[in-house]
Each structure stands twice: as structure tokens, then as C-alpha cells.
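**Q** pasting the sequence and the predicted coordinates here, then a few questions.
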Amino acid sequence: MSGMDWIVPVILTVITAATPLVFAGIGELITEKSGVLNLGVEGMMVVGAVTAFVTATVTGSYILAVLAAALSGAFMAFLFGILTLSLMANQVATGLALTLFGVGLSALIGQDFVGVPVDAIAKLNIPGLSDLPVVGPIIFGQDPLVYLSLVIVALVSWFLYKTKAGLILRAVGDSHDAAHSIGYSVIGIRYLAVMFGGAMSGIGGAYLSLAYTPMWAENMTAGRGWIALALIVFATWKPGLVLIGAYMFGGITILQLHAQAAGLDLPSQILSMLPYVATVVVLVLISKDESRIRKHAPACIGKIFHPAA
Amino acid sequence: MKFKSMISLASAVAVAGSLFAGIASAEDKVGFVYVGPVGDHGWTYRHDIGRQAVQKALGDKVKTTFVESVKEGPDSERVIRQMAADGHKVIFTTSFGFMNPTLKVAKQFPNVKFEHATGYKRSKNVSTYSGRFYEGRYVVGKIAGKMTKTNVIGYVGSFPIPEVVRGINATALAAKSVNPDIQIKVAWVNTWYDPGKEGDAAKALIDQGADIILQHTDSPAPLQVAESRGVWAVGQASDMHHFAPKAQLTAIIDNWDGYYVARTKAALDGSWKSADTWAGLKTGMVELSKYNDAIPADVVKLAEETRKGIIDGSVKPFAGPFNKQDGTEAVAAGKELDDGTLLGMDWYVEGVQGKLPK
């Protein structure tokens, strides 16, 4: 291909690659902001993927499918909440178990749906606008979930920094004892945050099985839940940066594939590990500067809350 | 008194134990260790079809069991040892990375027969087997060379190992033989299984001008992309036409059924011997699915001639003369590559674009 023709297809592919990461990342961001570390993102995503796929094939409704995916993710997160918030189990171990559980459970649910084809969620088509060159397909030609992901990032950002409820959530994540002592229900708020995280992961999974690669195959998340977790550290717990990071992580993958297909001599293995390297570098940088961590990283992350008797 | 009762208890246990052993031997156990989920549509799925064929062919005489999604490395050793200790007579370990664990466990269980897929290390009770999938790729290459309009074939690669490189080269040689202008573009995804990334690679290749997508990864995502973009594709490991009814030209199918049944029978009747099997179209270990109706009759005829030629030995995919990517001669006229060279192939032939990652 010559000239700039390749840019539009690249951007379109980057958007589809980034959107599941945006959903899972922004959900987990809220979870972590409340002081809970849920490593079960991968498990919640894959359960969301299978639930969405099964619902879409059985009912034919994509709206129901996405709702069901959100509910199933929230339910998985609720299980995580019972174990870690009410029964005070270790969050890291429980999160890992949730991923293993999710992968197995989704395989079981999806057994009879392996090899069933489904149509991809329809993309927006505004006569006139969607046909414009370049901006048409990119701005006016996405599927509804892409727009939803952007709206949710904006809402989360507004919620965290402009509303009282967001302030309370951050207080719970930064000092659960203080929040508790002035009368907020730390456990209750954390349940809600964890379940919101689960619901978003579920929708991220739905995006995979309905829009990205419209099919069900076992373990189809293939590690995207872990990338989402890395993304939050990379973004230093800021919603806007989660969005940018997701597009960067997606963009690197897509660009290296294009570079290979174009015959450029880039080492694909190194590019494949770039997102993780970037995360480690950011982690090192923010660890050097305590004030950065104190500013955005929730201080109580991963700590179990024992309400004073 | 106490001592006596202990002895009688022990002997009772021993009797009971031998009774159970007696029951177990009436139905010999055959085990399978899989690297992926049985629902992957591809590699592991086909091995499990093979397992079902064993169960069907031998009926009550055997009980087949499997463990899926076993990680290569120490995890697999534990699974394989557990199976051997559990009284399995034959154990099929179906991924390259199970090689050393299989040999290690085999040493400790000399009476159990082990069958390791795609490996190269054998012992008295370990056989190896694999398919000459490149024979299928050679037939596909002929079809692709005839069907492409852009003269660009896109190839989604997993890892740059000889098995995959061999497939790319076989495709290139066949395609070039019918269409000298052909180019093969390769995108490596560094995974066997990641539907999203495989699909993205297919999109990138199509954006770079490919109108036929081949793959050496395990999910049907590249076919789906081909279907939605209106280009051709070829199924991998199993028939994937339901994912791409219009786009799938054909599929290269791994068929382990015959081998698994024969080896299990041999192990049960005592005729089993350690061997190395590398079979292709001839024995049916590699098959092609139904050709797409959209392929013109003369192309189907060419494909069938190629397939039959490989079976009767008149067509040899890696027969010279042909050149390496850099233009130096790989094989002279009248000669062909031997199996040893094929098994270690780490260079591209002419017509493949890009540099092979090392």
C-alpha cells in the first residue's frame, strides 16, 4: 500500500484491540481505588465473554447479551467480595483463584457453543457522516461498545474527582480506618466498587466474543485481563491515562503486526513484551518518587479491613 | 492377638487390592495429555477426536481418559506420572514441550507405553509421531497461487520454529510453481492461541494487500476476519468452514484416528515397538477438507493431481531446483531435501518476504 492509505485501517484495528482493555482497566481502577486488589480480571472477563456469547446466540439480542455479561462479571466479583471482604481471605490468592475458576467455569458453560458462529455487533452507520473519508469510519463508524467505553471513562473520571461519592470511595481506599470512624460503610462501599469492576470486566469480555472476534473459544481472553491489571499501574491510577495506555498497548501490538506484514525488520518478540516493560519502568519511576504514589495510588490497596469492634 | 488381626487386615487389604487390579485390567486404560482445551477447534480438538476413535474402535476393552490444558514443563511431568501410576497402559502426550517430561516418566515406568507427538527423542518405551502437514500446505499453495488476484498471500505464523517455517516454504514453493509473481507476507504473533491477536494479524496482512490468509495458529479468528473482509482463507488443523463458509478454500486436517487406534491395539496385544512415525497424506494423517465450491474446476483438478501425486510419490514438495530467500541455491535439480534438513529448517525459500526472526 502506498501513501497514507494504511493509517485508517490501522487506527480501526487499534480501537478494537484497545476497547476490551479500556473496559477491564477502568473497572479494575474503581476496584483498586476503593482499596481492593482483584487479580481475577481475566476470570471475570472470560466469564463475561461466554455469557455474552451464549445470551446472544440464544436470545438474539445484543443488548441483553451485554447486560448479562455485566451481571455475570459482577456476580463473579461478588463471590470475590464474600471471600475477601466478609470472610477476609487474602486478596491476591483469592483473585488468582477467581481467574482459575472463571476459565474453568466459562469452558463448562460454553461447551455446547464451541464452533457456533454469530454475527458481529453492527457498527454505527450514519448516512453521510460514516461515509466521510478518514473521520467517517473512525469517528462515526464504530460499534456501540466503543462509544460506551469512552463514555464510561469520562463518567468514572468525573465521578472520582468531581462528586462526593467519588471522594468517599477514594477515602475508603486511602484510609479505611478513617473512613470507618466517620461513619462510612467501608465493606459496603468496597462491595459496590468490586462489583462495578466485575461488571466492566464482563463487558470487556463481551466485546471480545461479540465484536473483536465474534465467536466463543475457551480461554479466548488470552491474557488480556493481566494486561488490564498492568495498565492500571502504568496509568498510575488515573482514568484518562488508563484510556491512553489501553490505546498505546493495543497500538503497539497492531503496529508491530503491520510492520511485519510490510516486511520491516522489527523483532516481534521484543515488541510483544513492550507493554510489560513499560509497566515495569513506570512502576520503578513512581516508586522512586513517593509523592506520586501517595497522590494517586490507593494507600490501603490489598489490605484487609477489620472493623473495630 | 493384636498383631494377628493386623496381619489378617493387611491380607484382606491385599486381596481386595488384587481384586480391584483384576477389575481394572479387564478394561485397559489409555491416557491423553493435551496442551490446550479440547474446545480449541484446532490442535487439541483433533487429538481428542482421535481419542474418541480409540474408544469407539476398542469399545469395552479400553477406557480412555484425558487431561486438557496441561502446561508444558514440570506441570506436565506431574500429570504424566500420575497417569502412569494410575495404571494406564498407553499414554499419548500431544505437545512438543512434553518431550522431556515424557522420557523422564517413561524411565520410571518401563511397562507403560508412551507416545509423544512432534518430538524427536525416543527410548525403549517412548515412540514419537507427527504429521507431514507441509504436504497439505503444498496442495494449498497450488490453490492459493491460482486464486490470488493481488499475488500476495498472507501467513499468520505462531513461532519461527522449523515446523512452521517448513509450512511457509512448502506453500511458497507450490504457489510460485503456478504463479511466479507470488509474494508471501508473514506476521508472527508469538503465540499458538490468542484469537484476538491472530485476527489482528490477519487484518494487518489484508491491509498490506493479501487476498488469501493462511495460518499456523490454532484459533479460527483469521478465517473469520477473512470472511468479513471478503478474502480467501484456509482452515487449520480442523475443518473451520462454519466460521468462514464463503472464505474457506479448504482446510488442512490433522487426523490422528488411525494412528491412535493402531498403536493402542499394538500396545494391548503386545506387538508395540518404539518407533518414529512421520506420516502425511498417504496414510491419511493429513487430510484436506472439501474444496470450496467457488474454486474453478481446473484449480480443483490441479489440487487433486498434486494431492494424489504426493500420495503416489510422483510429486515431491521439496524437490529441486529451488533457491533460498537470498537467491542462493537450496537444492539442485534432481535432488530433494532429506527429512533431517526438513526437521531443522530455519531459512525461507524465494518468494517469502521479510526476515525470519531467530
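**A** It's in. Residues are numbered from 1 along each chain as shown, chains lettered A, B, ... in the order given.

**Q** in chain A, where is pLDDT below threshold?
**A** Applying pLDDT under 70 to chain A flags residues A:1-5, A:268, A:290, A:292-294, A:308-309.

**Q** burial count for the closest residue to B:Pro37 other than its chain neighbours?
**A** Distances taken as Cβ to Cβ, 6 or more residues apart in numbering or on different chains place A:Glu218 nearest to B:Pro37, at 3.7 Å, with adjacent residues excluded. Every C-beta, even on glycine, is put in place using the N, C-alpha and C of the backbone. Neighbourhood size, A:Glu218 [other Cβ atoms under 10 Å in any protein chain shown]: 26.

**Q** select the longest helix from chain A.
**A** Assignment by DSSP state H gives helix A:7-33 as the longest helix of chain A.

**Q** go through it and flag the buried ones.
**A** A:8-10, A:12-33 (16 or more other Cβ atoms under 10 Å in any protein chain shown).

**Q** equivalent analysis for stretch A:70-88, please.
**A** Those would be A:70-81, A:83-85, for stretch A:70-88 by 16+ other Cβ under 10 Å.

**Q** of those residues, which belong to helices?
**A** Per DSSP H, the buried residues of stretch A:70-88 map to helices at A:70-81.

**Q** distance to chain B added to those, as TSV?
**A** Converted to TSV, these look like this (distance: Cβ to the nearest Cβ, whole Å):
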residue	distance to chain B
A:Ala70	20
A:Leu71	23
A:Ser72	19
A:Gly73	18
A:Ala74	23
A:Phe75	23
A:Met76	19
A:Ala77	23
A:Phe78	26
A:Leu79	22
A:Phe80	22
A:Gly81	28
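
**Q** and those residues, which is closest to B:Lys124?
**A** Nearest to B:Lys124 out of these is A:Met76 (Cβ to Cβ; 48.8 Å).

**Q** list the contacts of that closest one.
**A** A:40, A:43-44, A:47, A:98, A:101-102, A:198, A:201-202 (Cβ atoms under 8 Å, 6 or more residues apart in numbering or on different chains).

**Q** quick one: the helices in chain B?
**A** Using DSSP H, helices in chain B cover B:2-26, B:43-58, B:74-85, B:99-108, B:133-147, B:162-178, B:195-207, B:221-229, B:257-269, B:297-312, B:339-343.

**Q** tabulate the ones you listed (TSV), appending mean neighbour count, distance to chain A and mean pLDDT.
**A** Below are the helices of chain B laid out as TSV (neighbours: other Cβ atoms under 10 Å in any protein chain shown; distance: least, Cβ to the nearest Cβ, whole Å; pLDDT from 0 to 100):
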stretch	mean neighbour count	distance to chain A	mean pLDDT
helix B:2-26	10	28	47
helix B:43-58	20	8	94
helix B:74-85	18	13	94
helix B:99-108	19	22	95
helix B:133-147	26	16	96
helix B:162-178	24	13	95
helix B:195-207	28	4	93
helix B:221-229	26	4	93
helix B:257-269	19	19	95
helix B:297-312	16	25	96
helix B:339-343	13	23	89
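
**Q** can you put these in CSV and add distance to A:Asp289?
**A** Shown next, in CSV, are the helices of chain B (distance: least, Cβ to Cβ, whole Å):
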stretch, distance to A:Asp289
helix B:2-26, 65
helix B:43-58, 47
helix B:74-85, 40
helix B:99-108, 46
helix B:133-147, 53
helix B:162-178, 45
helix B:195-207, 34
helix B:221-229, 42
helix B:257-269, 60
helix B:297-312, 64
helix B:339-343, 53
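
**Q** for A:Gly302, find the nearest of those.
**A** Proximity to A:Gly302, assessed across the helices of chain B by Cβ to Cβ, is greatest for helix B:74-85 (27.3 Å).

**Q** so which elements touch that closest one?
**A** strand B:28-33, strand B:62-67, strand B:88-93, helix B:99-108 (3 or more Cβ pairs under 8 Å, 6 or more residues apart in numbering or on different chains; DSSP states H and E).

**Q** can I get these in CSV with distance to B:Ser123?
**A** Listed next are these as CSV, based on distance: least, Cβ to Cβ, whole Å:
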stretch, distance to B:Ser123
strand B:28-33, 17
strand B:62-67, 22
strand B:88-93, 13
helix B:99-108, 6
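
**Q** what's the closest of the helices of chain B to A:Leu229?
**A** helix B:195-207 (17.0 Å).

**Q** what is the closest one packed up against?
**A** Using 3+ Cβ pairs under 8 Å, 6+ apart: helix B:195-207 touches helix A:7-33, helix A:239-261, strand B:152-157, strand B:183-188, strand B:212-215, helix B:221-229.

**Q** how about those in a markdown table, adding distance to B:Lys104?
**A** Below are the helices and strands packed on helix B:195-207 laid out as a markdown table (distance: least, Cβ to Cβ, whole Å):
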| stretch | distance to B:Lys104 |
| --- | --- |
| helix A:7-33 | 39 |
| helix A:239-261 | 37 |
| strand B:152-157 | 30 |
| strand B:183-188 | 31 |
| strand B:212-215 | 33 |
| helix B:221-229 | 35 |
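
**Q** those: which one's closest to B:Glu304?
**A** When these are compared by Cβ to Cβ, strand B:212-215 sits nearest B:Glu304, at 19.0 Å.

**Q** quick check, the closest one touching chain A?
**A** No: for strand B:212-215 and chain A, the contact criterion (Cβ under 8 Å from any Cβ of the partner chain) is not met; the two come no nearer than 11.0 Å.

**Q** got a list of contacts for that strand?
**A** Identification of contacts with strand B:212-215 by Cβ under 8 Å, 6+ apart yields B:137, B:140, B:144, B:147-148, B:152-156, B:171, B:198, B:202, B:205-206, B:222-223, B:225-226, B:231-234, B:236, B:249.
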